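1. sharing a model prediction with you, sequence too.
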Amino acid sequence: MSEQNLTRLHIAGKELILIGTAHVSKQSAEQVKDVIELEKPDTVCVELDEQRYQSIKDANKWKNMDIFKVLKEKKATLLLMNLIIGSFQKRMAKQFGIKPGQEMIQGIESAEEVGANLVLADRNIQITFARIWQGVGLWGRAKLMMEIIYSVFSKDEISEEEMEKMKSKDMLNSMLHEFTIAFPKLKKPLIDERDQYLAQKIKEAPGDKIVAVLGAAHVPGIKEEIKRDHDLDALSKRPPKSVTPKLIAWFIPLLILGIIGYTFYANPAVGVNLTMSWVLWNGFFAAIGAAIAFGHPLTVITAFIVAPLTSLYPLLAAGWFAGFVEAYIRKPKVGDFENLSDDVFTVKGFWSNSVTRILLVVVLANLGSTLGSIVGGADVVRMFIQNILGS
């Protein structure tokens, strides 16, 4: 058996065998099978968290998804991002005729076959995204979204040689390689912290012989981090949210209401104009967002009506209401859930599938409402200065 992509370590009386894989490589999956069958370890660690493990185990999870529950729990944006990122991996896997994450699936199956314990060694992906999101700032978030979307819908084919090079990265890192150069802070939550988390989970795994199935990008870091102890609770904490965005989110609506209220007192005619400006700008951009998502006409109208009101109350969002209307009028059929994993390959699929269209309605209507608040708020202030303060 080839020792290529294998790293053997001896820590505290345990033998640790790290297999560095590409996440969409047939050879990697075959090597995982061979190593586990030969070594017969006490435990197999896989680079998965509970959420991704359940996705692998439950092939019908999309068919059983309750879209209304997703909207009620305000997880539409998170689900859309997971689908977008997953489609990148599936596109590569489809090109090479294998299942996405086949090496992890093989690790799970081989662990069962040899009677080994299975340890899900990676940090919760939602925690990782939260820590990334917190660290890159507003402009960084916009660039991050664009980089992910470009990576997903790029039509470029990936050569076998490039696939082998990807063994030096994991899936997220391979997608965001250029972004990590522009934003070095991204490397810490995406790679460094996960190296520490993975190293600690592997080190704590039961038994004397441990096989760990890992994206090859993590192997060098794990070799170093496994020599040290790490606090898993600290690494699993969501970053504290800044108070500033909350203050701004409440200050701006109160300011707008105060300006409009005072203007009605000072000059009712101008007050009407300010109110109309706020309503029209908010409603227009939210409706445009819903229309870009190909929402039903009633969905677009809903976005237009609710956006001026939800923009004044930060705990509500126009996209949620528009999404509920879209889901009610165009309730996804069984076929939409069955085709979801294929439809996310293309831009056309994203917009034609009822499930992803609902998610797009939520996200784009919210983005439109935000833009409308900025433009409408600026126009309200401008008119107030010109007609009230300037008079």
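-> Yes, it's here. Numbering: from 1, shown residues only.
2. Lys33: neighbour count?
-> Using other Cβ atoms under 10 Å, Lys33 has 16 neighbouring residues. C-betas here are computed from N, CA, C, even on glycine.
3. ugh, wrong one, I meant Pro268
-> Neighbours of Pro268 (other Cβ under 10 Å): 10.
4. quick one: the strands in the stretch 151-300 of the chain?
-> 209-215 (DSSP state E, counting those that start in this stretch).
5. where does it dip in pLDDT?
-> In the predicted model of the stretch 151-300 of the chain, residues 151-185 satisfy pLDDT under 70.
6. where does the residue nearest to Arg52 when sequence neighbours are not counted land on pLDDT?
-> Of all residues not flanking Arg52 in the chain, Ile125 sits nearest, at 6.4 Å (Cβ to Cβ, 6 or more residues apart in numbering). Ile125 is assigned 82 on the pLDDT scale.
7. mean confidence for the lengthiest helix in the chain?
-> Looking across the chain with DSSP state H, the single longest helix is helix 354-384. The pLDDT scores in helix 354-384 average 90.
8. now that helix: how far from the chain's centre is it?
-> The gap between where helix 354-384 is centred and where its chain is centred comes out at 21 Å by Cα atoms, centre = their mean, to the nearest Å.
9. how about stretch 228-246?
-> 18 Å.
10. which residues does it contact?
-> Stretch 228-246 is contacted by residues 123-124, 127, 130-131, 134-135, 193, 196-197, 199-201, 314 when judged by Cβ atoms under 8 Å, 6 or more residues apart in numbering.
11. and the closest residue to Pro314 other than its chain neighbours, how far from Val243?
-> Closest residue to Pro314 apart from its sequence neighbours, by Cβ to Cβ, 6+ apart: Ala249 at 4.0 Å. Relative to Val243, Ala249 is positioned 11 Å away (criterion: Cβ to Cβ, to the nearest Å).
12. so those two - more neighbours on which side?
-> Between Ala249 and Val243, Ala249 has the larger neighbour count (other Cβ under 10 Å), namely 13 against 8.
13. okay, helices next: where are they in the stretch 251-391 of the chain?
-> Taking DSSP state H, counting those that start in this stretch, the helices of the stretch 251-391 of the chain run over residues 268-292, 297-310, 318-329, 334-338, 340-343, 347-352, 354-384.
14. gap between the third one and the chain center?
-> What separates the centre of helix 318-329 from the centre of its chain is 21 Å, taken as Cα atoms, centre = their mean.
15. mind giving me the packing neighbours of it?
-> helix 67-72, helix 76-95, helix 268-292, helix 297-310, helix 354-384 (3 or more Cβ pairs under 8 Å, 6 or more residues apart in numbering; DSSP states H and E).
16. which residues touch the helix or strand that contains His10?
-> Counting by DSSP states H and E, the element that carries His10 is strand 6-11. For strand 6-11, contacts defined as Cβ under 8 Å, 6+ apart pick out 15-20, 35, 203, 219, 223, 226-227.
17. from Ala266, how far off is the residue lying closest to Asn273 once chain neighbours are set aside?
-> Setting aside the residues directly before and after it, Asn273 is nearest to Met383 in space (Cβ to Cβ, 6+ apart), at 6.3 Å. Between Met383 and Ala266 the distance, using Cβ to Cβ, works out to 12 Å.
18. next one: Lys26
-> Taken as Cβ to Cβ, the span from Lys26 to Ala266 is 73 Å.
19. do the same with Ile329
-> Ile329 is 43 Å from Ala266, by Cβ to Cβ.
20. repeat that for Arg8.
-> Going from Arg8 to Ala266 by Cβ to Cβ gives 79 Å.
21. neighbour count: those two, which is higher?
-> Neighbour count, other Cβ under 10 Å: between Arg8 and Ala266, Ala266 has more, with 14 against 10.
22. I'd say the more buried one and Ile388 touch.
-> Yes - Ala266 is in contact with Ile388 according to Cβ atoms under 8 Å; the separation is 5.6 Å.
23. tell me how this protein divides into domains.
-> 6-235, 243-386 (automatic domain parsing).
24. thanks a lot, catch you later.
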